[in-house]
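[1] Attaching a predicted model along with its sequence, questions to come.
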Amino acid sequence: MLKRIGIVLVLLAATLVAAAKPPRTQTVVRTWTMPNYSAIADTIPFKDTTMLNYFDIDIQHRYSTSSAMNGNVLVSPIESRIVQERLETIDDPFAWSLAPYVVTPQQQRYFNTTTPYSAVAYKKGFTDESDISVLFTGNIGKRTNLGLDMEYLKSIGHYANTAGKLFRGSIWGSYTGENYSMHGAFSWSRVSSYDNGGLVDIEDLRGKLGTMDLPTRLLYGGMVGYRYLSGYLHNQYSLTTEREYHDSIEVVEDGKRVKRDTIRTESIPLMTFSHIFETNDSYRRYIETTPNQGFYDTTYYNVPQTADTTDVLTIRNTIAVTFCEAYNTKLKFGATVFAMNECQRILYDSVRYDSIHDYRWMNNTYVGGSIHKRSGAHILYMVEGKVCVVGYKIGEFDVHGELETKFNIGGNTMHINARALIKSITPSPYLQHYTSNHLKWDNHFGFSYRLLGGATISYPTKWVTPSIDFSFENRANPIFVTASDWMPHQYGGSVQIMTGDIGLDITTPWVNLENRIIIQHTTNDSVLPVPLVTLQNRLYYHGSWFRRAMDAQIGVDLRYFTRYKAPVLCPATGMFATQQQTGVGNYPWMSVYASFYVRSIRLRFFVQYQHLNHLFMSNNIDYIAMPNYPTNRDIIRAGVAWHFYN
């Protein structure tokens, strides 16, 4: 499969090179997402042509600065050590640990380009690790865009039964007219990830056995097969009106150019009607070819293999009416009201081995609204809320908002972004009732609550860019899993998490230093454990060579977190469970790299030596991602990416 995809990508790259011609028009690429119920496009920076830190844009590093995983650096169930970076974007809690490998409709990127844009990339780790990706997008006229994005990852891992594969992609299209617009997308993700339960004894790392021969707690391993499919269609129609405004024009009188006042008309949106259709299917299966391996306390069914299955199909229809900001010249903000119906089909009795499954259908209806100010020179804001009025989630609410402002200090611009959130969370049906080959529970959990407030302040200057992000969160009645029984429990109190994320980037004509320190404090580390300090530092040279024909970045990357009682993965459910026996951390991971960008042909390539310090710290075996799961030893990686704008 990998060879076939590689051949296709090589042929595609050769075809694009052969067909390349100097662009006739200036290349402009605009990209955005549709992240909220009010269907307001959120423009995001287009970063595919960035020249810095190309070596560090794999999925796991894009997701978080530091994460717990099973040791496979490409494909593994994963949870960020930074609480505010964790994703719960999938309706099945057993799949939250795979959320970074999924593109949800709210994360889907849409494009508009003046010339076709395509990119082909290949990365290789020299222990049978491969990452291949291809993207193509182009416009049909000025208003219609189509695109395709695919990525294939494969890694055998450094330890027995930790192999993983991912194949994901998306197809999208958009039309943006003066009155009517449409966005549509279909995406898929297929993940397979093996798990060995961790090493029997971490001290075995000091021995002479190869990493593939070290004894593991799941002798024959377990495997998770996961499939995520999603579809999205958003139709929007705007009522417009014409408005007069004063302008000036230059005219020639008596051979002289003079300005004269004139009145022009412009078309502005008055009101927008939207319909959003969204569907996604999250299907997960946990397989053991030898069910009774002694890892779990119980094995309930005498079957040839374990095949625990969860499946959540969600269909949402949203109708929204937006009163446009551009027309509201007095109050200077826009507003949206919406109603959403959510229909879910959930698979129960996950241990059936015939074709008869117990599916149950449930419905929820939400109403909500937002106010927003998206234009202006100084203050922008958005507040959105919704509440469930019908269904098993009745009473669930979510109110969140953000505010952006900027002002000039000493000739530079200071940016301040504030955010707030208050919400109640209905426990997933799988957290309430679940039956599998190794685990069973029947709970009656109530709502969980989250209250969060935070802000980010940054002050970029020519040579120094300081920034600080701070937040406070209170979680009431949180649900967590314990490693002693692998079962969910609801804590009957509140847990507070305080986070400070401090950055300091120093730039000189040749040498650059990027510093990030994240400080977290939790009031209950048996429910929500976090490391006190997490660090990431980069020191690198960046300059132009060969009369600015090539950009070079050569440097070192250092990551570190303080020791704490880290959660551990339950292979059967994919959920991370708290434990109080084993500490991990207090170990640096250092990598060196060289990355280059050839401007004339838009070619990027890099080589990286990951975990270099293992060469001279081999007696230190604290390179542990989570209890019993060591990370990779030193490894060489390389990659290349080619971009085309014609």
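    Now that the structure is in, tell me what you want to look at.
[2] From here on, just use CA atoms for contacts and neighbour counts.
    Noted.
[3] show me where the stretch 451-600 of the chain has strands.
    Here the stretch 451-600 of the chain has its strands, by DSSP state E, counting those that start in this stretch, at 464-476, 479-482, 487-490, 494-507, 511-522, 533-545, 550-561, 568-569, 576-578, 589-598.
[4] contacting residues around the shortest one?
    The set of residues external to strand 568-569 that reach it, using CA atoms under 8 Å, 6 or more residues apart in numbering, is 68, 69, 70, 77, 483, 575, 576, 577, 578, 579, 626, 627.
[5] Could you check how far it is from the centre of its chain?
    On the basis of CA atoms, centre = their mean, to the nearest Å, strand 568-569 sits 20 Å off its chain's mean C-alpha point.
[6] What score does residue 407 have for pLDDT?
    Residue 407 carries a pLDDT value of 89.
[7] From the chain's centroid, how far away is the host helix or strand of it?
    For residue 407, the host element (DSSP states H and E) is strand 397-409. Chain-centre distance of strand 397-409: 21 Å, with CA atoms, centre = their mean.
[8] So in that sheet, which strands flank it, and in what orientation?
    If you go by DSSP bridges, strand 397-409 pairs up with strand 379-391 (antiparallel), strand 412-425 (antiparallel).
[9] Save these as JSON lines, and put in mean pLDDT too.
    Output for these, formatted as JSON lines (pLDDT from 0 to 100):
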{"stretch": "strand 379-391", "mean pLDDT": "95"}
{"stretch": "strand 412-425", "mean pLDDT": "96"}
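[10] quick one: low-confidence parts of the stretch 351-500 of the chain?
    Residue ranges of the stretch 351-500 of the chain with pLDDT under 70: 351-357.
[11] ok, 50 please
    For the stretch 351-500 of the chain, the stretches flagged by pLDDT under 50 are 354.
[12] Between the strands of the stretch 451-600 of the chain, which one is closest to residue 287.
    In terms of CA to CA, the element of the strands of the stretch 451-600 of the chain nearest to residue 287 is strand 568-569, at 15.6 Å.
[13] Return the helix or strand in this protein with minimum mean pLDDT.
    helix 2-19 (a mean of 44; mean pLDDT, DSSP states H and E).
[14] after it comes which helix or strand?
    Remark: after helix 2-19, the chain's next helix or strand is strand 29-33, criterion DSSP H and E.
[15] and that next one, what does it pack onto?
    Here strand 29-33 touches strand 42-43, strand 110-113, going by 3 or more CA pairs under 8 Å, 6 or more residues apart in numbering; DSSP states H and E.
[16] Just give me the lowest mean pLDDT stretch among those strands.
    The bottom spot among the helices and strands packed on strand 29-33, by mean pLDDT, belongs to strand 42-43, with a mean of 64.
[17] Now do the buried residues in the helix or strand following that one.
    The C-terminal neighbour of strand 42-43 among helices and strands, as given by DSSP H and E, is helix 59-63. Buried residues in helix 59-63, counted by 16 or more other CA atoms under 10 Å: 60, 63.
[18] Assign the residue lying closest to residue 386 once chain neighbours are set aside to helix, strand or coil.
    The shortest distance from residue 386 to any non-neighbouring residue, by CA to CA, 6 or more residues apart in numbering, is to residue 368 (3.9 Å). Here residue 368 is strand, with the state taken from DSSP: H, G, I helix; E, B strand; the rest coil.
[19] Surely residue 235 and residue 276 touch.
    Yes: when contacts are counted by CA atoms under 8 Å, residue 235 is listed as touching residue 276 (6.5 Å).
[20] Have a look at these two and say which one is more surrounded.
    residue 276 (21 against 18; other CA atoms under 10 Å).
[21] what about the closest residue to residue 58 other than its chain neighbours, which helix or strand?
    Spatially, and ignoring its direct neighbours in sequence, residue 58 is nearest to residue 74 (7.6 Å; CA to CA, 6+ apart). Taking DSSP H and E as the definition, residue 74 sits outside all helices and strands.
[22] close enough to count as contact, residue 74 and residue 158?
    No: at 11.3 Å, residue 74 does not count as touching residue 158 under the criterion of CA under 8 Å.
[23] quick one: which of the strands of the stretch 451-600 of the chain is nearest residue 396?
    When those are compared (using CA to CA), the closest one is strand 464-476, at 14.2 Å.
[24] could you give the angle of the closest one to strand 511-522?
    Counting by axes from the mean of the first three to the mean of the last three CA atoms, to 10 degrees, strand 464-476 lies at 20 degrees to strand 511-522.
[25] quick revisit: switch the strands of the stretch 451-600 of the chain over to a markdown table, and while doing so, append distance to residue 644 to every line.
    As requested, the strands of the stretch 451-600 of the chain are exported to a markdown table (distance: least, CA to CA, whole Å):
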| stretch | distance to residue 644 |
| --- | --- |
| strand 464-476 | 32 |
| strand 479-482 | 47 |
| strand 487-490 | 49 |
| strand 494-507 | 30 |
| strand 511-522 | 29 |
| strand 533-545 | 21 |
| strand 550-561 | 17 |
| strand 568-569 | 41 |
| strand 576-578 | 42 |
| strand 589-598 | 13 |
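[26] Residue 258: which of the ones you listed is closest?
    strand 464-476 (45.1 Å).
[27] what comes up buried for that closest one?
    464, 466, 467, 468, 469, 470, 471, 472, 473, 474, 475, 476.
[28] State the number of residues packed around the nearest residue to residue 419 once chain neighbours are set aside.
    In this structure, residue 419 finds its nearest non-sequential neighbour in residue 402, 4.2 Å apart by CA to CA, 6+ apart. Residues near residue 402, counting by other CA under 10 Å, number 18.
[29] What ranges does the stretch 201-350 of the chain have for its strands?
    Counting by DSSP E, counting those that start in this stretch, the strands of the stretch 201-350 of the chain are 222-253, 256-288, 306-323, 334-348.
[30] how close does the nearest residue to residue 222 once chain neighbours are set aside get to residue 225?
    In this structure, residue 222 finds its nearest non-sequential neighbour in residue 288, 4.8 Å apart by CA to CA, 6+ apart. Here residue 288 is placed at a distance of 11 Å from residue 225 (CA to CA, to the nearest Å).
[31] mind putting the buried residues of strand 464-476 in a markdown table, distance to residue 116 included?
    Shown next, in a markdown table, are the buried residues of strand 464-476 (distance: CA to CA, whole Å):
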| residue | distance to residue 116 |
| --- | --- |
| 464 | 36 |
| 466 | 37 |
| 467 | 36 |
| 468 | 38 |
| 469 | 38 |
| 470 | 41 |
| 471 | 41 |
| 472 | 44 |
| 473 | 44 |
| 474 | 47 |
| 475 | 47 |
| 476 | 50 |
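[32] Hmm, residue 587 is touching residue 618, no?
    No: assessed by CA under 8 Å, residue 587 is found out of contact with residue 618, at 12.0 Å.
[33] Report pLDDT for the closest residue to residue 108 other than its chain neighbours.
    Nearest non-adjacent residue to residue 108, counting by CA to CA, 6+ apart: residue 33, 5.9 Å away. We have a pLDDT of 88 for residue 33.
[34] So residue 33 versus residue 449, what's the distance?
    28 Å.
[35] Over to residue 565?
    To residue 449, residue 565 is 25 Å away according to CA to CA.
[36] repeat for residue 599
    For residue 599 relative to residue 449 (CA to CA), the value is 51 Å.
[37] More neighbours: the two, which one.
    residue 449 (19 against 14).
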